[in-house]
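>>> Need coordinates for the below:
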Amino acid sequence: MKTRVQELIEAYPFTSEKKFTPKDYHSGEDVRWCPGCGDYSILAQTQRILSELGIPPHQIVFVSGIGCSSRFPYYMGTYGFHSIHGRAPAIASGLKLARPDLSVWVITGDGDGLSIGGNHYIHVLRRNIDLNILLFNNQIYALTKGQYSPTTERGKITKSSPDGVIDYPFNPIALALGAGGTFVARSIDRDQQHLQLMMKRAAQHKGTSLIEIYQNCVVFNDGVFSLFTEKETKDDSTIFLEHGKPLLFGKNMEKGIRLDGLTPEVVSLKDGKYSVSDITVYNDQDASLAFIIASMSNNSALPRPFGVFLDVPRPTYEEELISHIAEAQKKSGAIDFQSLLNSGDTWTIE
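Numbers count the residues shown, from 1 in each chain. Here you go, the predicted structure:
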């Protein structure tokens with residue numbers, strides 16, 4: 001017996017005889033971000049990936065909150081909803097439950113998603129609703145002119161922390177893993193090919209997918225991720241996760257990550273003390289390993305990990321909800337709405 005979700009997907013398949021191009025996902029609106037903003041790259045890669053996936057624009061919805069990134073729906077030639085501060089996951093959840101046949105994307109930022117929207121962020125992940133969340137992280141409140149955000153590094157001088165930030169920042173990846181996320185990844189605006197790969201994998205995942213995207217704010221936090229993007233430093237400061245591959249990095253892949261118990265450490269392969277067989281092999285099905293590797297982001301002596309941290313199957317919330325409703329209806333029989341209103345204790349006011 002087919003579930004309601006399966007019936008809807010068959011009725012409205014994510015396929016079309018028409019071949020789409022990125023231009024089919026342009027709204028035609030003038031894009032109004034600051035020149036050089038990393039959001040332009042993310043927008044372009046999203047439009048490119050959607051055209052490759054072949055999902056018709058009328059079957060896609062982008063839901064955003066508040067912030068620079070939240071202008072996104074205006075620039076997509078799809079359905080869109082510019083919602084309220086921090087509540088994009090809640091609105092997108094309601095939409096997906098009502099229309100599970102649609103491809104629903106949430107656009108949020110480190111302020112919108114992790115401050116006022118932090119509660120919604122963790123609960124959409126634990127429920128595993130089939131949404132795709134793109135979290136733009138520029139480690140600053142940019143739309144409101146440069147206050148520190150939940151991901152701003154300690155000591156940062158900003159308009160709201162003139163003597164330096166004393167808060168410890170959130171690690172969005174570790175937070176998503178702790179909330180029970182089933183697909184958790186990280187990419188960066190400057191690496192177009194990697195960002196496309198992460199988006200494609202996220203779109204193909206059944207359940208909530210989260211991609212944290214490091215995004216440069218050229219006005220209020222320019223160069224905050226330059227260590228991970230500049231030619232002189234990126235090889236030694238970044239490591240890319242690949243399932244089934246050893247955790248190697250460096251210009252000539254001469255360094256690796258091995259676990260000393262549960263603690264990741266950098267070892268060199270050049271002096272003969274360690275070989276590739278000593279290096280930890282990554283497994284994106286292992287939640288415990290994902291937590292350990294995510295913790296590397298909190299240690300400046302370790303390379304910053306990018307890629308898919310975790311990708312595990314789990315029934316989606318909407319599938320289980322539809323099944324739950326069907327079972328309840330089967331037990332109680334068919335009841336129309338008016339009969340339900342008139343059931344139980346009722347009274348008439350004259």
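
>>> host element of residue 253?
Per DSSP states H and E: residue 253 is located in neither a helix nor a strand.

>>> Next up, the contacts around it.
residue 269 (Cβ atoms under 8 Å, 6 or more residues apart in numbering). Backbone N, C-alpha and C define where each C-beta goes, glycine included.

>>> Residue 317 and residue 131 touch, don't they?
No: contact criterion Cβ atoms under 8 Å: residue 317 and residue 131 do not qualify, at 9.6 Å.

>>> more neighbours, the two?
It is residue 131, of residue 317 and residue 131, that has more neighbours when counted by other Cβ atoms under 10 Å, with 28 against 21.

>>> What about residue 312, how many residues nearby?
Neighbours of residue 312 (other Cβ under 10 Å): 15.

>>> Phi first, then psi, for the closest residue to it other than its chain neighbours.
Spatial nearest neighbour of residue 312, excluding adjacent residues (Cβ to Cβ, 6 or more residues apart in numbering): residue 182 at 5.3 Å. Main-chain dihedrals, residue 182, degrees, to the nearest 10: phi -100, psi -20.

>>> Residue 182 reaches residue 315, doesn't it?
No: contact criterion Cβ under 8 Å: residue 182 and residue 315 do not qualify, at 9.9 Å.

>>> gap between stretch 68-88 and the chain center?
15 Å (Cα atoms, centre = their mean, to the nearest Å).

>>> List the buried residues of that stretch.
Buried residues in stretch 68-88, counted by 16 or more other Cβ atoms under 10 Å: 68-73, 75-80, 82-83, 86-88.

>>> where in the stretch 251-350 of the chain is pLDDT low?
For the stretch 251-350 of the chain, no stretch is flagged by pLDDT under 70.

>>> and with 90 instead?
In the predicted model, the stretch 251-350 of the chain carries pLDDT under 90 at residues 271-272, 322, 324-350.

>>> Where do the strands of this protein begin and end?
Along the chain, counting by DSSP state E, strands occupy 60-64, 79-82, 103-109, 132-137, 183-188, 209-214, 238-241, 248-249, 255-260, 263-268, 304-311.

>>> so where's the protein uncertain?
In the chain (pLDDT under 90), the answer is 1-19, 158-159, 271-272, 322, 324-350.

>>> Ramachandran angles for the nearest residue in space to residue 156 that is not next to it in sequence?
Nearest non-adjacent residue to residue 156, counting by Cβ to Cβ, 6+ apart: residue 165, 4.7 Å away. Main-chain dihedrals, residue 165, degrees, to the nearest 10: phi -70, psi 130.
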